[in-house]
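Q: can't give you the sequence, but here's the structure:
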Ligand code: SF4
Ligand code: MSK
């Protein structure tokens with residue numbers, strides 16, 4: 001197929017679909033974020049610039065031309081830095097608490113339940129790495145010890161996180177010497193909150209250093225453990241076909257949307273819907289079947305492991321309900337609009353919350369427990385089937401737009417794809433465990449030769465401060481044209497799906513070099529690596545490339561980019577990516593620009609600590625130009 005023949009969905013089509021849904025919603029009096037955003041204008045400039053402090057009840061204090069300090073004497077730099085660290089700590093806490101849940105699920109795993117070991121090789125690899133004996137033992141005894149070891153990483157009193165040993169020696173040295181090596185995960189979160197308590201650290205550079213450390217507790221702690229344990233329990237993802245966008249909802253089927261982040265809940269829903277019992281139930285209710293669809297990062301999890309189709313990303317969560325065709329929306333944790341309560345009241349949609357961490361008014365609360373999860377899931381699917389008869393045809397509008405995608409490229413899959421081309425696969429035994437590892441050398445050779453210029457980890461959310469999805473799409477397209485491979489997670493990944501960038505035919509949109517690589521290996525030019533918790537996979541990918549290349553990670557032409565980020569988790573992520581040694585290009589301001597010192601610290605100051613920093617530009621065209629220039633500058637330093 002030639003470029004001119006490609007007929008992928010455009011951003012204008014996506015916006016037209018949203019426009020039509022919002023118009024119908026207005027007719028029904030259904031509230032939307034677009035309407036609420038208008039009512040929030042103008043947004044508070046003090047908050048925007050990070051110069052407002054509410055840390056103690058002598059405040060709130062704001063820095064203005066007439067007041068250069070808060071009541072306690074905190075200046076603008078202290079105030080901006082404290083709030084920045086608090087956001088990073090909250091993000092780290094969120095990802096890591098998710099991981100803790102996965103550890104508890106692993107601790108309860110058994111051969112006769114749905115929480116069983118699906119990737120034994122990975123379990124044994126982690127066991128060997130952590131010194132958990134596996135020789136001659138029952139696999140579940142090993143799994144439970146690995147889970148306990150993981151749980152200990154949250155609160156161990158001494159030492160640093162074990163996953164740090166996966167990094168290059170050089171990185172480990174930098175982290176140690178710069179004192180950003182995270183100790184226990186919970187300790188870094190607690191210390192961050194303690195440091196920012198009224199009357200403690202006022203020194204902005206120290207607070208920025210701790211932001212890196214608490215970010216590291218997420219990326220090389222909570223997130224990394226969460227990803228490993230999900231793979232062990234539900235299987236390490238492999239490349240598979242799926243589809244994405246609102247058009248995956250079915251007019252004549254029961255639509256259930258799973259939304260959030262924790263795969264434990266969504267996995268059970270997907271497995272339940274596939275049982276003969278549920279299929280029979282649907283038939284007896286006179287419906288054609290159950291159509292499970294994912295939203296936000298839960299979508300990434302179930303798409304990569306089951307091929308479940310993805311209905312959309314963060315700012316599309318209301319759109320799914322507005323179609324009037326969703327019988328049930330089941331959520332777990334994070335990125336869930338409280339607005340879904342009043343919104344689902346306007347439709348027949350049953351809104352189910354499942355976690356004590358995310359209780360939302362207007363929802364039906366079903367507390368999910370590992371022991372009863374599968375039966376609870378079957379009960380919910382049956383309830384959704386029963387609800388199909390309540391669908392009001394007058395309210396239904398399902399946009400047609402959807403695109404095919406190939407998803408599921410964790411490091412293991414990338415290595416396999418490269419092996420298939422070069423036959424460099426080797427099987428080694430490390431500490432008693434079988435380690436199958438090829439090498440990133442073919443990709444490195446392509447970068448050295450200039451066929452590929454480099455790679456960008458595109459991550460992050462949507463944010464109504466910018467045209468939703470536009471920055472993701474615009475930047476990815478330009479990178480592809482410039483022979484830069486994109487690996488992506490989270491809501492950025494779904495933006496790519498919606499416009500066909502994860503379709504293998506999208507190679508036609510690329511420069512000659514990237515097109516050649518995609519054709520040879522048989523991959524799309526945008527590789528799907530998972531949910532936002534899986535950005536830890538990206539750190540291991542960059543580490544693997546640096547190790548196989550034999551250079552420090554700061555030197556490889558690989559960078560991170562979050563053009564539409566919004567959450568506190570994104571602040572934690574940006575910090576650990578920078579601490580890992582990769583520059584991060586941001587399209588949304590991190591709300592510290594009221595402080596010149598903080599602006600300097602996060603863009604330049606961190607370079608003296610980890611060798612990387614932020615590059616911030618809210619214009620996507622200028623941001624992508626900066627990324628390309630940054631990659632070319634790294635190539636020049638490597639003399640390639
Ligand atoms: Fe105001 Fe200081 Fe209290 Fe912040 S900590 S609210 S600046 S008095
Ligand atoms: S869901 S954190 S909006 S990526 Fe992970 Fe999307 Fe950002 Fe939530």
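A: In hand now; what should we look at? This structure is a prediction, so every number in the text was calculated from the model and none was measured. Ligands and ions are numbered 1, 2, ... in the order given.
Q: can you map out the helices along the stretch 1-150 of the chain?
A: Ranges of helices in the stretch 1-150 of the chain, per DSSP state H, counting those that start in this stretch, are 11-28, 33-39, 45-49, 76-107, 120-129, 139-155.
Q: Report all helices and strands that the first one contacts.
A: Taking 3 or more Cβ pairs under 8 Å, 6 or more residues apart in numbering; DSSP states H and E as contact, the helices and strands that helix 11-28 lies on are helix 317-322. (C-beta placed from N, C-alpha, C; glycine too.)
Q: residues in contact with the helix it packs on?
A: The contact list for helix 317-322 (Cβ atoms under 8 Å, 6 or more residues apart in numbering) reads 17-18, 21-22, 24-25, 30, 32-33, 246, 249, 257, 259, 293, 295-296, 311-312, 326, 329, 335-337, 339-340, 343-344, 347, 349, 397.
Q: swap in stretch 53-61?
A: Residues outside stretch 53-61 that contact it (Cβ under 8 Å, 6+ apart): 52, 62, 67, 69-72, 74, 79, 82-83, 196-198.
Q: now, which of these lie close to ligand 1?
A: 70, 71, 72, 74, 79, 198 (Cβ under 6 Å from any ligand atom).
Q: on that earlier part again, need the buried ones from the contacts of helix 317-322 selected in ChimeraX.
A: Burial among these is assessed by 16 or more other Cβ atoms under 10 Å; the matching ChimeraX selection reads:
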select :17,18,21,22,24,25,30,32,33,246,249,257,259,293,295,296,311,312,326,329,335,336,337,339,340,343,344,347,349
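Q: Filter the contacts of helix 317-322 down to the ones in strands?
A: Mapping the contacts of helix 317-322 onto strands (DSSP state E) picks out 257, 259, 293, 295, 311, 312, 329.
Q: what would the contacts of stretch 53-61 look like in TSV with neighbour count?
A: Shown next, in TSV, are these (neighbours: other Cβ atoms under 10 Å):
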residue	neighbour count
52	21
62	19
67	11
69	13
70	23
71	12
72	15
74	22
79	29
82	24
83	22
196	21
197	12
198	14
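Q: Report the two of these separated the most.
A: Greatest spatial distance in the contacts of stretch 53-61: 67 and 197, 22.0 Å, computed using Cβ to Cβ.
Q: Next up, the contacts around residue 618.
A: Residue 618 neighbours (Cβ under 8 Å, 6+ apart): 466, 587, 588, 589.
Q: By neighbour count, which of those residues wins?
A: Of all those, the highest neighbour tally under other Cβ atoms under 10 Å goes to residue 587, namely 25 neighbours.
Q: For the residue nearest to that one when sequence neighbours are not counted, give me its contacts.
A: Nearest-residue entry for residue 587: residue 563, 3.3 Å, with adjacent residues in sequence omitted and distances by Cβ to Cβ, 6 or more residues apart in numbering. Residues in contact with residue 563 (Cβ under 8 Å, 6+ apart) are 458, 460, 466, 471-472, 475, 492, 585-588, 620, 623.
Q: Repeat the analysis, applying 10 Å as the threshold.
A: Residue 563 makes contact with 458-463, 466, 469-476, 492, 495, 585-588, 617-618, 620, 623-624, 627 under the criterion Cβ atoms under 10 Å, 6 or more residues apart in numbering.
Q: Ok, residue 287 next?
A: 252, 253, 254, 281, 327, 384, 385, 386, 388, 389.
Q: Highest neighbour count among the residues you listed?
A: Greatest neighbour count in the contacts of residue 287, by other Cβ under 10 Å, goes to residue 384: 28 neighbours.
Q: Please look at that residue and residue 254 and confirm they touch.
A: Yes: look at residue 384 against residue 254 with Cβ atoms under 10 Å: they come within range, at 5.5 Å.
Q: between these two, what contacts are shared?
A: Residues touching both residue 384 and residue 254 (Cβ under 10 Å, 6+ apart) are 273, 278, 282, 287, 290, 292, 326, 327, 328.
Q: Make a markdown table from the ones next to ligand 1 among the contacts of stretch 53-61 and add distance to residue 187 and pLDDT to it.
A: Shown next, in a markdown table, are those (distance: Cβ to Cβ, whole Å; pLDDT from 0 to 100):
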| residue | distance to residue 187 | pLDDT |
| --- | --- | --- |
| 70 | 28 | 98 |
| 71 | 31 | 98 |
| 72 | 26 | 98 |
| 74 | 25 | 98 |
| 79 | 25 | 98 |
| 198 | 21 | 97 |
